[in-house]
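Engineer: just to be clear, the model below is a prediction. Sequence and coordinates:
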Amino acid sequence: RVAEVEARMCASPSQKFRGACLSDRNCASVCSSEGFPSGDCHGVLRRCMCLKPCPAEN
């Protein structure tokens, strides 16, 4: 049996997204154009945060 390990995700603010982040889908699209696999809206200020797997810890 193989154990499933979910990678921790690291967030980075989008450099291209402008304005309040109201749509996770739109944010993810902008993040994709920046080379990230995904993105979504975070926080009270609704910022678009791009997500990628964190580097593996040795």
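Structural biologist: Structure received.

Engineer: below-threshold pLDDT in the protein: ranges please.
Structural biologist: With pLDDT under 70 as the threshold, the chain has low-confidence stretches at 1-6, 57-58.

Engineer: what residues of the top strand by length along the chain count as buried?
Structural biologist: If you go by DSSP state E, the chain has its longest strand at strand 47-53. Across strand 47-53, burial judged by 16 or more other C-beta atoms under 10 Å covers 48, 49, 50, 51, 52. (Glycine included, C-beta is placed from N, CA and C.)

Engineer: output those residues in JSON lines; the columns should cover distance to residue 33.
Structural biologist: Formatted as JSON lines, the buried residues of strand 47-53 follow (distance: C-beta to C-beta, whole Å):
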{"residue": "48", "distance to residue 33": "12"}
{"residue": "49", "distance to residue 33": "15"}
{"residue": "50", "distance to residue 33": "10"}
{"residue": "51", "distance to residue 33": "14"}
{"residue": "52", "distance to residue 33": "14"}
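
Engineer: if you count contacts, what does the longest strand of the chain end up packed against?
Structural biologist: Judged by 3 or more C-beta pairs under 8 Å, 6 or more residues apart in numbering; DSSP states H and E, strand 47-53 is in contact with strand 9-13, helix 24-33, strand 38-42.

Engineer: figure out which of these is closest to residue 56.
Structural biologist: strand 9-13 (11.6 Å; C-beta to C-beta).

Engineer: tell me the spacing between residue 36 and residue 25.
Structural biologist: Distance of residue 36 to residue 25, given as C-beta to C-beta, to the nearest Å: 14 Å.

Engineer: residues contacting residue 33?
Structural biologist: residue 16 (C-beta atoms under 8 Å, 6 or more residues apart in numbering).

Engineer: if we use 10 Å, what do you get?
Structural biologist: 14, 16, 17, 50 (C-beta atoms under 10 Å, 6 or more residues apart in numbering).

Engineer: is it possible to mark the buried ones in those residues?
Structural biologist: Those of those that meet the buried threshold are 14, 17, 50, by 16+ other C-beta under 10 Å.
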